[in-house]
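> with the sequence up front, the predicted model follows.
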Amino acid sequence: MHSLIMFLRNLAALPYHLVTATSDIFTGMWSENARSRSLLLGIPAILTIILCLATLAWANLGSQPKLESRYDGLAQSAEQRSLDLKIELDRERQILGKTSEGSPSEMVASDQSDIRQKKMEDLWREERVYLQKLISLNPSDPDYKYRLAQVHLKQGDLQRGVSMMRTLAPMQEAKFGKAHFWMANFIANQPAPNSEAKRKMLVAALAQIDNCLIRNNANLDAVQFKGSLLLALKRPREASEIYEKLFNENPVFYTQLLNINRQLGQPVKSETVIDRAVIKFYQLIRVHRKDTKKWIAAWQHYNNLLRQGNQFEKAESELQRELAEYADDSGRQLFLKRQLSVIYSMWASYIEAKDESEDTDRKVLEKLKQAIKNGSRNEDALRQLTRLSKDSAVAEEAKAIYDADSDVNAPSSVYAELGTQALNDGDYNTAIKHFENAKEKKPRDSRVLNNLAYTYLVCENRNPERALNLANDAIKFRPVNVDGEALYRSHFLHTRGLALMQLNQLEEAAANFEVALQDRGDSENILKDLIKCYEGRMEDQAEIYRRKLKEVIERRGKSGVKNGNNPISENGLGN
């Protein structure tokens, strides 16, 4: 007990002893010599400096987040202002394209464009400065580096921008998702010298997308891009799994699923996809009744699906019901009538293709009347009426509804139909005139380009050079991901081969004919043209195609099927 009391007494006296001991030490040092006294006088100054440095460090740590936030805001502001200027510049350039060259308004607008361009470049520099400061404040944040790389790309410094992106998105490791996505797009869109090099690029892009999805598997844009890469790499089964997931999230991906099923030869699956998508879009039509923009989008998909499934009666019924419901809404009435017009014109085409009765033309005409009633400038309906106006059982009635000869502003489809009629009649000059008019209206219509090319090859004043250029454009703009895509390619390649043959480029012509023959192996005309190319040069090859031509003719003769494979109907595809 006594010892405990002594311990507590000594503990209480401990602060006193510490102070007195420290005082004795300083007193002794002070009295020892002048050098010790100088050291003691400097200690308060040292302590003051340490305290100031600690205060500054604490203040810096406290202000850094505020400074970082301020720089980030300034960088984003500069970016937004530069985007706004770019929109203005693009709009001005569109206007300049429509203004007569050298006019005063064009020169004033050009000066304004130069001022805006310089301002935009200044804003890019401003954004770059703030991003560099942000990186110095927080070098571990990859988003700042990604944004800086984008600024370099906007300034035209491709080498530096791509180098930064590669650092952020290495091929062997998943690092920053945005950069991986950018690199995938950049790699996939690079030009390639041949198909094998392009395939390797697509594989590299796929690896980048996989890295992006490792970082964020909920990135639907990346998932969609992966699906498109798999399709480009001809891996439709893997792509099908991806688009099935996307379709469950958003039914607009039905188009990709239909394309994949077409490639895999799965028509039953396509029908199932159409049925599922019809249900989904009908639900969306109900959901978006008060949102006109979304309602229209859902209706367009719904209508397209019913057309693809040849469910014309159902489409007609649904549209008529909606027209009755929105009788007081002029905007929706106009939209629904246009949709109904398209349904009737597609219905007419379907009847023409499938109906074998004697009154087929009459049935077609009745649907076209309804199409014109709901949409007087329905181009496809006008084309079909133009067709019926020539040598059909209802020619006079069709012409009374629409007379193409008196339409000074006829659509491209009508000119194309008139050109095809003249081509079939052997009136090549008239055909060229109509096809040129159609091409002027729609410069990228591949069927018009092909028909015009073929006409230049068979007319009196042949022009194979012009025909070759047109055939090249037809192949360039040919329809993809549609029924009959391979047949279009075959027709267009055959036309290009004919142009090359007239230019005496027989080896290239034969190469085009052989590829065209892959999709139409029973085409007598392609076989005959191949024989012409190989005669006198490669007699053995010519003999192979002679035997094949003989087999095709014999097979047709036994089946009782007419050839109908003359150059005009084969290459003059019409509409």
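Received it, and whenever you're ready, just let me know what you need.
> in three-state terms, label the closest residue to residue 72 other than its chain neighbours for me.
With sequence-adjacent residues excluded and distances taken as C-beta to C-beta, 6 or more residues apart in numbering, residue 72 is closest to residue 134, at 6.1 Å. No exception for glycine: its C-beta is placed from N, CA and C like everyone else's. Secondary structure, DSSP: H, G, I helix; E, B strand; the rest coil: residue 134 is helix.
> quick check: residue 134 vs residue 247, distance?
40 Å (C-beta to C-beta, to the nearest Å).
> the more surrounded of those two?
Using other C-beta atoms under 10 Å as the criterion, residue 134 and residue 247 rank with residue 134 on top: 24 against 20.
> surely residue 387 and residue 414 touch.
No: checked against C-beta atoms under 8 Å, the pair residue 387 and residue 414 is beyond contact range at 9.7 Å.
> tell me which of those two has more neighbours.
residue 414 (26 against 23).
> ok, the more buried one - contacts?
By C-beta atoms under 8 Å, 6 or more residues apart in numbering, the contact list for residue 414 reads 379, 382-383, 386, 404, 407.
> among the residues you listed, which ones are in helices?
379, 382-383, 386 (DSSP state H).
> how far is the strand or helix carrying residue 227 from where the chain is centred?
Element membership of residue 227, judged by DSSP states H and E, is helix 220-232. Helix 220-232 sits 11 Å away from the centroid of its parent chain (C-alpha atoms, centre = their mean, to the nearest Å).
> alpha carbons of the helix or strand just after that helix, as CSV, please.
Next along the chain after helix 220-232, taking DSSP H and E as the criterion, comes helix 236-249. Output of helix 236-249 as CSV, limited to C-alpha atoms (Å, rounded to 0.1, in the frame of the first residue of the first chain):
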residue,chain,number,x,y,z
PRO,A,236,-22.2,-15.0,-87.5
ARG,A,237,-23.0,-17.6,-84.8
GLU,A,238,-20.9,-15.7,-82.2
ALA,A,239,-22.5,-12.4,-83.4
SER,A,240,-26.0,-14.0,-83.0
GLU,A,241,-25.4,-14.5,-79.3
ILE,A,242,-24.5,-10.9,-78.9
TYR,A,243,-27.4,-9.5,-80.9
GLU,A,244,-29.8,-11.7,-79.1
LYS,A,245,-28.8,-10.1,-75.8
LEU,A,246,-29.0,-6.6,-77.4
PHE,A,247,-32.4,-7.5,-78.9
ASN,A,248,-33.7,-8.4,-75.4
GLU,A,249,-32.6,-4.9,-74.2
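> buried sites along helix 236-249?
By neighbour count on 16 or more other C-beta atoms under 10 Å, the buried set for helix 236-249 is 236, 239-240, 242-243, 246-247.
> as TSV, the residues you listed with distance to residue 130 and pLDDT would be great.
Conversion of the buried residues of helix 236-249 to TSV gives the following (distance: C-beta to C-beta, whole Å; pLDDT from 0 to 100):
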residue	distance to residue 130	pLDDT
236	47	92
239	42	94
240	46	94
242	39	94
243	41	94
246	37	93
247	42	94
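> out of these, which comes closest to residue 433?
For these, the minimum distance to residue 433 (C-beta to C-beta) is 43.5 Å, reached by residue 236.
> who touches that closest one in this structure?
Residues counted as contacts of residue 236 (C-beta under 8 Å, 6+ apart) are 230, 260, 263-264.
> give me the number of residues near the spatially closest residue to residue 412 that is not a sequence neighbour?
Leaving aside its chain neighbours, residue 412 sits nearest to residue 441 (3.6 Å; criterion: C-beta to C-beta, 6+ apart). If you count neighbours by other C-beta under 10 Å, residue 441 ends up with 17.
> ditto for the one 3 residues further on
Neighbourhood size, residue 444 [other C-beta under 10 Å]: 11.
> so who does residue 374 touch?
337-338, 340-341, 344.
> hmm, I was thinking of residue 410
382, 404, 437.
> thought the last one was touching residue 415?
Yes: the pair formed by residue 437 and residue 415 meets the contact definition of C-beta under 8 Å, at 4.3 Å.
> between those two, tell me which one has more neighbours.
Applying other C-beta under 10 Å to residue 437 and residue 415 shows that residue 415 carries more neighbours, namely 25 against 17.
> can you show me the helices along the stretch 301-450 of the chain?
Secondary structure of the stretch 301-450 of the chain by DSSP state H, counting those that start in this stretch: the helices cover 312-325, 330-354, 360-374, 379-388, 395-401, 412-424, 428-441, 446-458.
> and these as TSV, adding distance to residue 543 and mean pLDDT?
Listed next are the helices of the stretch 301-450 of the chain as TSV, based on distance: least, C-beta to C-beta, whole Å; pLDDT from 0 to 100:
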stretch	distance to residue 543	mean pLDDT
helix 312-325	51	94
helix 330-354	39	94
helix 360-374	44	95
helix 379-388	42	96
helix 395-401	48	94
helix 412-424	34	95
helix 428-441	34	96
helix 446-458	27	95
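> distance to residue 149 added to those, as a markdown table?
Shown next, in a markdown table, are the helices of the stretch 301-450 of the chain (distance: least, C-beta to C-beta, whole Å):
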| stretch | distance to residue 149 |
| --- | --- |
| helix 312-325 | 49 |
| helix 330-354 | 44 |
| helix 360-374 | 53 |
| helix 379-388 | 46 |
| helix 395-401 | 61 |
| helix 412-424 | 44 |
| helix 428-441 | 43 |
| helix 446-458 | 39 |
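> I appreciate the help and will end here.
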